[in-house]
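A.B. asks: The sequence and its predicted three-dimensional model are supplied below.
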Amino acid sequence: MKSGFGNTKGNAPTLNPRAKPLKRPSQARAIFTVEAIYEAFVRIWQRDGWSGLTTREVALEAGVAIGTLYDYFPSKEALLSGYIRHSLDELLQHLDEQVVQANDLDALTRIKRLIRLTCEPDVVRQPLFNHDVLSIEHQFTEPKHHRRLFQELSQKWREAFAACSDLPIQPSATTIDAWVIMAWGGRRYCVAAQPDAEQTAAWLREIETMICSRLLGAT
């Protein structure tokens, strides 16, 4: 398997340009095509693993021409990169719809839902957020990608807390950022360390308890 790195500048590795998607779909037909490609990609990954996956097989499974797939993804690393970004965009959308815009929730219920949607393992909604992907993450991500996601998650969490009109005192932006690092960093470590279901559930309860206790203490 190729390392995914191109030339280096100083000590900073440069991602192979072929590991990046070429474009994102904007028209309805193109969105439908790319989503079909992603669905085929997930099915083949789960059946054959990363080593058994090829772009040609994904195109065949999705019912699209290989040239159409290459219009968006020049390699299977680019396809994985695009899929991960797609999954994270869906997560941000769910946070907005089910937490930020959920005006019928009281503050603690809203925040508990925010934590659960951000942290709770969901193999149906994010089937490839797993140990296998984390082990090859260096082939298709750069530090700027992690920074971008952190900024987007932090912004969504700030919007969620701002929507809690029944909180007498709002947590500071710095505190919210710290909670995002604690929650998302913990989720990533759960993927890496693979604790059992009981240990994961206990971690999730502790995250809820710590944040909600801080809010109640402020009250």
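C.D. replies: That came through fine.

A.B. asks: what helix or strand is the most centrally placed residue in the chain on?
C.D. replies: Of all residues in the chain, the one closest to the mean position by C-alpha atoms, centre = their mean is L88, 3.4 Å from it. Using DSSP states H and E, L88 sits in helix 76-95.

A.B. asks: quick one: A28 from E35, how far?
C.D. replies: Using C-beta to C-beta, to the nearest Å, one obtains 11 Å as the distance from A28 to E35. To be clear about C-beta, it is placed using only N, CA and C from the backbone, and glycine gets the same treatment.

A.B. asks: and the two? which has more neighbours close in?
C.D. replies: The neighbour comparison of A28 against E35 (other C-beta atoms under 10 Å) goes to E35, with 13 against 8.

A.B. asks: Am I right that the more buried one is in a strand?
C.D. replies: No - counting by DSSP: H, G, I helix; E, B strand; the rest coil, E35 is not found in a strand; it is helix.

A.B. asks: For it, give its distance to I111.
C.D. replies: Taking C-beta to C-beta, one finds E35 at 31 Å from I111.

A.B. asks: Now tell me which helix or strand of the chain has the poorest mean pLDDT.
C.D. replies: In the chain, no helix or strand scores lower on mean pLDDT, DSSP states H and E than strand 5-9, which sits at a mean of 39.

A.B. asks: Go through stretch 212-219 and flag the buried ones.
C.D. replies: L215 (16 or more other C-beta atoms under 10 Å).

A.B. asks: Contacts for that stretch, please.
C.D. replies: With C-beta atoms under 8 Å, 6 or more residues apart in numbering as the test, stretch 212-219 has contacts from A107, L108, I111, K112, L167, P168, I169, P171, T175.

A.B. asks: of those residues, closest to Q194?
C.D. replies: Within the contacts of stretch 212-219, the smallest distance to Q194 is 24.8 Å, found for K112 (C-beta to C-beta).

A.B. asks: so who does that closest one touch?
C.D. replies: By C-beta under 8 Å, 6+ apart, the neighbours of K112 are E208, C212.

A.B. asks: Ok, the one 3 residues further on next?
C.D. replies: Applying C-beta under 8 Å, 6+ apart, we find I115 in contact with A183, L204, I207, E208, I211.

A.B. asks: chain center to the host helix or strand of L216, what's the gap?
C.D. replies: According to DSSP H and E, L216 maps onto helix 197-218. Its chain's average C-alpha position is 21 Å from that of helix 197-218, according to C-alpha atoms, centre = their mean, to the nearest Å.
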